[in-house]
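Asker: Predicted model and sequence follow; I will ask about them next.
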Amino acid sequence: MMKTNKSLLILIALLALGLLGVALYLQHILGMQPCPLCVIQRYAFAAIALSCLIAAALPPNGERIGSGLGALVALAGAGVAAWHLHVKANPSVSCGIDPLETSLNHFFTADLLPFLFKADGLCSADYAPILGLSIPQWSLLWFALFGVMLMRITFKRH
């Protein structure tokens, strides 16, 4: 059972990192510039990956704490993705060039890894759906899936 949890944590971490890879592909190959809400979702996927990798390296009690933190980050990421969907559904609401973008672009990670964490796009930008879903819909789906899997590990009886 313990080995299964560790394998699942590593799988979630790899999937979250893979989603960051997809985001980079969409940005740098297809020209879809990330908005501030996209960048926050990227931070959430990176935090999920990091918490899962750390949790996988810990004993069972630490594993549960790490997966619980990852579940909380997934919940927060789902909230950001849901807000992003609200912004897209209501064009009068915008996060465009605002204090959020300015402050995000001044984080040390935006300076260190601008190709991943610099917000240059508009939240209301209408990109073509991927397999029928918009990017924030995909994010919400993945955050929900990660959240359920991480809560399962957190609350599983040992």
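Answerer: Received the coordinates, thanks. Residues are numbered from 1 along each chain as shown.

Asker: Next, name the residue at the spatial heart of the chain.
Answerer: Phe45 (3.0 Å; C-alpha atoms, centre = their mean).

Asker: I figured that residue was touching Ala16, is that so?
Answerer: Yes - Phe45 is within contact range of Ala16, at 4.5 Å (criterion: C-beta atoms under 8 Å). In this view, the C-beta of every residue, glycine as well, is placed from N, C-alpha and C.

Asker: Common neighbours of these two, please.
Answerer: In terms of C-beta atoms under 8 Å, 6 or more residues apart in numbering, Phe45 and Ala16 are both contacted by the residues Trp142.

Asker: what's the neighbour count on Tyr43?
Answerer: When neighbours are counted by other C-beta atoms under 10 Å, Tyr43 registers 19.

Asker: Okay, now stretch 92-104: how far is its last residue from its first?
Answerer: This stretch, stretch 92-104, spans 22 Å end to end (C-alpha to C-alpha, to the nearest Å).

Asker: quick one: the helices in the protein?
Answerer: Ranges of helices in the chain, per DSSP state H, are 2-28, 36-56, 60-89, 99-104, 108-112, 114-117, 135-155.

Asker: helices or strands up against the third one?
Answerer: Counting contacts by 3 or more C-beta pairs under 8 Å, 6 or more residues apart in numbering; DSSP states H and E, helix 60-89 packs against helix 2-28, helix 36-56, helix 135-155.

Asker: ok, 6 Å please
Answerer: Applying 3 or more C-beta pairs under 6 Å, 6 or more residues apart in numbering; DSSP states H and E, one finds that helix 60-89 contacts helix 36-56, helix 135-155.

Asker: Let me see the contact set for Gly68.
Answerer: If you count contacts by C-beta atoms under 6 Å, 6 or more residues apart in numbering, Gly68 has them with Thr154.

Asker: Start at 11, not 1
Answerer: Shifting the count to begin at 11 puts that one at Gly78.

Asker: What separation is there between it and Gly72?
Answerer: Distance, Gly78 to Gly72, by C-beta to C-beta, to the nearest Å: 10 Å.

Asker: ok, now Arg167?
Answerer: For Arg167, the distance to Gly72 - C-beta to C-beta - is 17 Å.

Asker: go on, Gly87?
Answerer: The value you get for Gly87 to Gly72, if C-beta to C-beta is used, is 22 Å.
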